[in-house]
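Undergrad: show me the folded form of this:
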Amino acid sequence: PLLPKPMMTFVCAPMPFILGLLEPFLGDMAEYLEMLEAVVIVNLDKDQFQVSHKSLECKYTIRSSFDDRTLLPAYVADPLMAPIKVAKKQNKKQLSATATKESFQEGFLHFVVDILYNYGEFFDPEHEDGFQKGDFSEEAGEGIRPFLQKFVKTQMFEQFIMIQAAHHFADRGLRPDLVESYKSAVKSTRFTKFQLCHQPHLDEKELQRLEEEAAEAG
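TA: Residues are numbered from 1 along each chain as shown. Model prediction:
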């Protein structure tokens, strides 16, 4: 969806997001640059991306100057890219929305399993964040290590580990500070009923209370 100009502050959301933005609005983003964390702006018409946290003038051509796939070994990248290559060879009449979605999901699932299969071994109640990110990336195979060293610094990974750490320590009666921190994040976010029902460390009364607060906020 395209983001309306009056809602430009949404680009500062402290979570991973993908949104559409008209090119004339880019100039209005200048005042938000200091608040943006590793946000990449992709110009689909010009095949360019802009690293917004550095400068709106910092432009690169996607294919010639930057390609995430160079950080991945073939056994990880190929299953991820295969559904995209198949879809590009087919015309719109041949594409099935359901089949295409399922093939993309399967490719992404293989990718996630390949890079995160052993993350559970690195939870550490003695660590400030409850998770040894450095050890996790350094002990990965040589082929996947360059990608993981960058991936563990992303908002996507931070959000994933925050949720998993809360579940891990709540089940073991450890690190109540991390569990409470996650509960606070849940309460301050407009979670749907589906999302709330998939927080196993919260009891029924807590779920009901959060649902009521989410309904009031909406």
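Undergrad: gap between M81 and M8?
TA: Per CB to CB, to the nearest Å, M81 is found 33 Å from M8. Every C-beta, even on glycine, is put in place using the N, C-alpha and C of the backbone.
Undergrad: my guess is I115 meets P146, correct?
TA: No: contact between I115 and P146 fails when scored by CB atoms under 8 Å: they sit 11.7 Å apart.
Undergrad: between the two, which is the more surrounded one?
TA: Taking neighbours as other CB atoms under 10 Å, I115 and P146 compare with I115 leading, 19 against 15.
Undergrad: which SSE is that one in?
TA: helix 97-116 (DSSP states H and E).
Undergrad: may I have the next helix or strand after that helix exported as CSV, CA atoms only?
TA: Downstream of helix 97-116, the next assigned helix or strand under DSSP H and E is helix 133-138. Only the C-alpha atoms of helix 133-138 are listed here, as CSV (Å, rounded to 0.1, in the frame of the first residue of the first chain):
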residue,chain,number,x,y,z
LYS,A,133,24.3,-13.2,19.0
GLY,A,134,28.1,-13.1,18.5
ASP,A,135,28.6,-16.8,19.3
PHE,A,136,25.5,-17.8,17.1
SER,A,137,26.9,-16.1,14.0
GLU,A,138,30.6,-17.0,14.6
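Undergrad: go through the helix or strand just after helix 133-138 and flag the buried ones.
TA: Per DSSP H and E, the first helix or strand lying C-terminal to helix 133-138 is helix 145-151. Within helix 145-151, the residues scored as buried using 16 or more other CB atoms under 10 Å are 147-149, 151.
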